[in-house]
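Asks: here you go, sequence then predicted model.
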Amino acid sequence: MPAPVSAAGKPLVDPISCAVIQHRMSAMVEEMGEAMLRTAYSQILNASRDFSMGIVDRQGRLISQADHIPIHVGALPWAVRAVEDRFCDDIHPGDVVILNDPYAGGSHLPDVTIFVPVFADGLRQLWSVVRAHMGDIGGATHGAYNPQAREIWQEGLRLPPMKLADRGKIRDDVIDMILMNVRFPREFRGDLDAMIGAAHLGQRSLDKLIGEFGSATVAAAIEDFLDTAEANTRAIVASWPDGVYEGTAYLDDDGRDRQDVAVRAKVTVRGSDLQIDLTGSDAQSDSFVNSPFANTQAAVAMAVAYLIDPDIPKNDGVFRVLDVKLKPGTIVHPLEGAPVTMSTTHPANEIVEAITRALEAACPERCTGGWSRRFRMSVTGKNPRNGRTFVWHLFHARPGGGASVAGDGWSGAGEWHSVGGIKFGSIEVTEARFPLFFETHEFRPGSGGAGKYRGGLGSTLDLRVEVPAYAHTAGEGIRHGAAGIAGGHDGAPHDYCMVTNEGDVPLQTKQFGIGITEGTLFRIRSGGGGGWGNPEERAPEAQAHDEKLGLI
Amino acid sequence: MTQTYSIGIDVGGTFTDFVAMNTDGVTTICKSPSTPSDQSVGVLTGLHDLAQRLGLTLAELLARTERIVHGTTVATNALLERKGRKTGLLTTAGHRDILEMREGLKPHRYNLRMASPEPLVPRDLRRPVTERLAQDGKVLTPLDEENLRDECAFLRDQGVEAVAICFLHAYRNSEHERRAAEIVADMMPEAYISTSSDVLPQIKEYERLSTTVVNAYIGPIVKLYMQRLTDRLSAAGYDGPIFIILSHGGVTRVEDAISLAAGTCLSGPAGGIAGARACARMLDAPNVIPFDMGGTSTEVSLITQGEVALTSERGLAGERIALRSFDILSIAAGGGSIAQMRPGKGFSVGPESAGAEPGPACFGRDGQAVTVTDANLVLGFLATDALSGGGSTLDRAAAEAAMDRLGATMGLDRIAAAAGVRRLINIRMADGIRLMTLRRGVDPRSFTLLSFGGAAGLHSVEVARELDIPRVVVPTVASVLCAWGMLASDLRYEVTRSRPADSSGMTDQTIQRVYAEIEAQARAQMPSLPGIKLQIERSAEMRYGEQIFEIDVPLDGIDFEAPALVDAIAARFHARHEELYTYASPGEEVDLVNARVAIIGAVDRGDVSRELALVMDNPTPIGMRHVHLSTGPAQVPVYDMARLSPGHNIVGPALVSSETTTVLLCHGDRASLTPHGWLDIAVAAKSSGGGMPVKTDHYQPADA
């Protein structure tokens, strides 16, 4: 759809139509999210809202998104490009495409993406895209978090771009094949239907919009608002001093024999351009901490989205300032076949932190202190109240958010990837449903990184497991706390331990099958956010206030 | 026979509305300036005026008044302006940060550089108390009364005026909270005390605790106001009951409103929605979207099958209030929304609003802001003698000059710019409504848009067209809809019991016993009043064993005496689940999380008694107005709604003006009058070319 342009090369659309079209498109992705929320089969998907919606054009440019999961959104353009490359012009009205392959636009295997094309004037113009985290995707372990995997094939089922529907006809054979390879086929099918429904809703809304305004006007409006987002982003980058800035963030370990695996960012600011070079990062691992190409691109986009003004729409215009350099064989661009399940949190969070650390010299007032890392833990055993096996995932004991020029960090608001978007469940409900007892669940005094503005506090959780059980961990952040920025100090790292007769046993971040005896106490201390600015500049009243409230 | 009256009183930001309804259903209305520092002063002044209108003295009117129903914004304002009282919290040791943890959530995902809000109770006033209950309510650690007294003394010394008490699992066993409340009352006799087992005896500690804290924080303010109001009315000679409308649209006694102050947080808007519900009943329209567009915001809600959607997912001013309330969506779009074209930001209308001083350009007070009202004036839809808030006329020249300035920044002329302002604000409101209906899983096309609020008439038909809503109704009671709605509201008390049994312990006998107990509790709360019919509504919040969210399952029509009660309730749940989520899992374990009984005292609903005669002649316009439609400039007729009769048909384009609003009809829209004298509009479909798209064919950017 060629956009009409003026003699000066500007898209020929009036500002009002442009505003209306942009507003409609962002409302559409929100509507798609609501539809998904209402129809998704698994309540887990409903509760954690681990899904994202986007409108992407055929060149793989992100046109519109809602504030869903940042690490999903930046990867959607790459997913569309993978679909376009696979099918070229063999795409027809009524087609539905699916993929999850991390080596073809996916992030990790549980994140499944659905695409529905939007046609106008007989041509494919846009894609309505839905990505959601499925409860299971087959493979060696339930849910794909498999610290023992050495290859992606041990993590689950890989789906290249495939047609799930061809010219309006659902391909039941393909769906049957997928369902046969996942653990909870009924649930999977329900969620898949919800995704397809949401994508179709987006397609119908886009059809209507194009019908009303005409494809040329819609195309012109898209160019206009992408250009606007680009101009706004460039104005911000141009205000930073030109130069080469470097920052590093570390994974604690890869769960095998390597410690302090580095993500190194060399960020070059030149005028309004931003080159982000991660080629100096450490070599890829044989465990699940590798970040495949599209996921790394998404993490870089997430870092930039956090740095610019919150009200700039996160679309392709923003990403145009970016030139990302990656080297095959590194932890941020592994060769095909390496396992990747942890990547949407780690090293995604380290990528964001390395970039933030690099740019603190260029734009300290835009960089926030580090947000925390994610340390997952699950407990599984037999529930004496109903005789069934239970699996409980730790979402309590949220770690702290980073401080910023606006003030102290948000306590217990979480990690770089969640930034206050993950809700932990009620303790009363948890105690009623699981053989668990929460002795203490409060802020963890002193965990926020010191600074002119203090990092948000992590949490203290003393958790008693009332039955014999097993625990599994998958996470990061016991050696490295959230980064202090602009002279601020790092937040305290996580410190989880199991209290036994032989003394306290510290938990490692990637452990499978930790045996628990009845009545075992877990002493969980989650990390605090990074501080911002020199601690000596902290206002005496703020310090006194913290002391009065018992926060330090 | 002497007439007796019911009086509805709605306190708004600027005016307090009064409606008196006599035994025959005849209403008399009156408006009086609100008195924000003490709303009860304005209430008495207005009652005085109302009495005068009825040819009575205040004492005579009050002597003949059977009940007063009142909506107040005292709680709302105290919370919004954070003017509650210094509040302390007593909570289970080891869990003092529940309030500030906010379940781990922070709003505005992409805004990382924002300060975290101060909780209503700072950490040093959140005091841990040694005690602990198990999940089944058994005492694991007894309440340490000495420790409690120490903490109490601390709070007293800190000058705390209100104390919230919330212990873990107190919904299951309120003994510790009750004992703690006694000790606090003993040591701090002046303090307002609120326990979670009274306010919201339901599982989920954050919701219960936050609601209890809000209740304590605004409780003293609400109490003071209610006492003043009662005293003033009593001094004026009134000895009948005073009912307060709650956020869920039911009404309750003053003393209950004092102890459940947090339940009055949406008291004001709830009246309007209750009024809309009454309108829906009179229209015989089961599915209605009340659309209330004012100066700074538009409030939208949803009535399906005659009932207003309720939610317990909301809060106010960033504070979580888990009490059930009407589900009201507020969109920052109104007559005063500011239109601007900012370099790098593009064209926008709202969310910023011009306010009253200096107000929109057309107020002629040197206001520079170009607003939706200015656009309506420039296009000719609004007459210059329309009210500008201060009562003076609107300044057309100022509006035109402002619109010229806005247009110049976009390369558009005055008329195109004004049409664009309307287009975008209408889209924003339509998108808000679409999202709300989608959340509820209903199709807006099967709804009627009920237009009220001063700014609504010029926009409601366009918004409806945007959503393919075929019908818009503009009621004449719009100006006092809140006060009128209150008179049509039922008395309502709800009693909830959390986790009466898990699936294994759920027998017909336990269910019968639990519902009988809470029904008795509910009945005990209902005051005995003449002419009130009692009605019981049973419901349950249920979920599948492994789920996180409960759904609300109405249990109407289930015979609680019949055998296989548990199966009947489970069947209801499966059916409801399928309705909402498109599937059910009959093999799965089912949990009944909250058992709820609502007792409803249905009041006699006065009807607006005006039934108009059918007149078949052609309506006569009161004048012609020069306006700008998408087809170009035109002279369109202006009708006075008060002079129309049922049988009259008006075909757009036309303007219909009423006491409170002006309604715009475009090409193809047709309006007639209901027997009540309300404007009933059949909206022309967008595809048929109705409405007014912005013309952009000849657009040339300024720099091209």
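Replies: Arrived safely. Keep in mind that this is a model prediction, so the values were computed, not measured.
Asks: C-alpha from now on. contacts and neighbour counts both.
Replies: Will do.
Asks: ranges for the strands of the stretch 301-450 of chain B?
Replies: Listed in chain order, the strands of the stretch 301-450 of chain B (DSSP state E, counting those that start in this stretch) span B:303-304, B:307-308, B:310-311, B:315-316, B:319-320, B:325-326, B:329-331, B:337-342, B:346-353, B:370-371, B:448-452.
Asks: low-confidence ranges, the stretch 451-552 of chain A, go.
Replies: Scanning the stretch 451-552 of chain A for pLDDT under 70 picks out no residues.
Asks: to chain A, which of the strands of the stretch 301-450 of chain B lies closest?
Replies: strand B:346-353 (5.9 Å; C-alpha to the nearest C-alpha).
Asks: what is that closest one packed up against?
Replies: Under the contact definition 3 or more C-alpha pairs under 8 Å, 6 or more residues apart in numbering or on different chains; DSSP states H and E, strand B:346-353 sits against helix A:15-39, strand B:337-342, helix B:414-439.
Asks: quick revisit: and among the strands of the stretch 301-450 of chain B, the most buried is which?
Replies: Comparing the strands of the stretch 301-450 of chain B by mean neighbour count (mean count of other C-alpha atoms under 10 Å in any protein chain shown), strand B:370-371 comes out on top with a mean of 31.
Asks: any residues touching it, and which ones?
Replies: Contacts to strand B:370-371, defined as C-alpha atoms under 8 Å, 6 or more residues apart in numbering or on different chains, come from residues B:335-340, B:349, B:353-354, B:360-361, B:399, B:402-403, B:406, B:421.
Asks: returning to what we had before: TSV for the helices and strands packed on strand B:346-353, including mean pLDDT and distance to residue B:296?
Replies: Formatted as TSV, these follow (pLDDT from 0 to 100; distance: least, C-alpha to C-alpha, whole Å):
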stretch	mean pLDDT	distance to residue B:296
helix A:15-39	89	20
strand B:337-342	92	6
helix B:414-439	91	12
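Asks: I'd like the ones you listed laid out as CSV, including distance to residue B:49.
Replies: Below are the helices and strands packed on strand B:346-353 laid out as CSV (distance: least, C-alpha to C-alpha, whole Å):
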stretch, distance to residue B:49
helix A:15-39, 47
strand B:337-342, 34
helix B:414-439, 37
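Asks: once you drop chain neighbours, what's closest to the residue in the stretch 51-200 of chain A positioned nearest to chain B?
Replies: Nearest residue of the stretch 51-200 of chain A to chain B, counting by C-alpha to the nearest C-alpha: residue A:67, 6.5 Å away. Of all residues not flanking residue A:67 in the chain, residue B:109 sits nearest, at 6.5 Å (C-alpha to C-alpha, 6 or more residues apart in numbering or on different chains).
Asks: I'd say that neighbour and residue A:420 touch.
Replies: Yes. Contact between residue B:109 and residue A:420 holds when scored by C-alpha atoms under 8 Å: they sit 6.9 Å apart.
Asks: so the two - more neighbours on which side?
Replies: Comparing residue B:109 with residue A:420 by other C-alpha atoms under 10 Å in any protein chain shown, the one with more neighbours is residue A:420, at 26 against 17.
Asks: surely the more buried one forms part of a helix?
Replies: No. Assigned with DSSP: H, G, I helix; E, B strand; the rest coil, residue A:420 falls outside any helix and is coil.
Asks: thanks a lot, see you next time.
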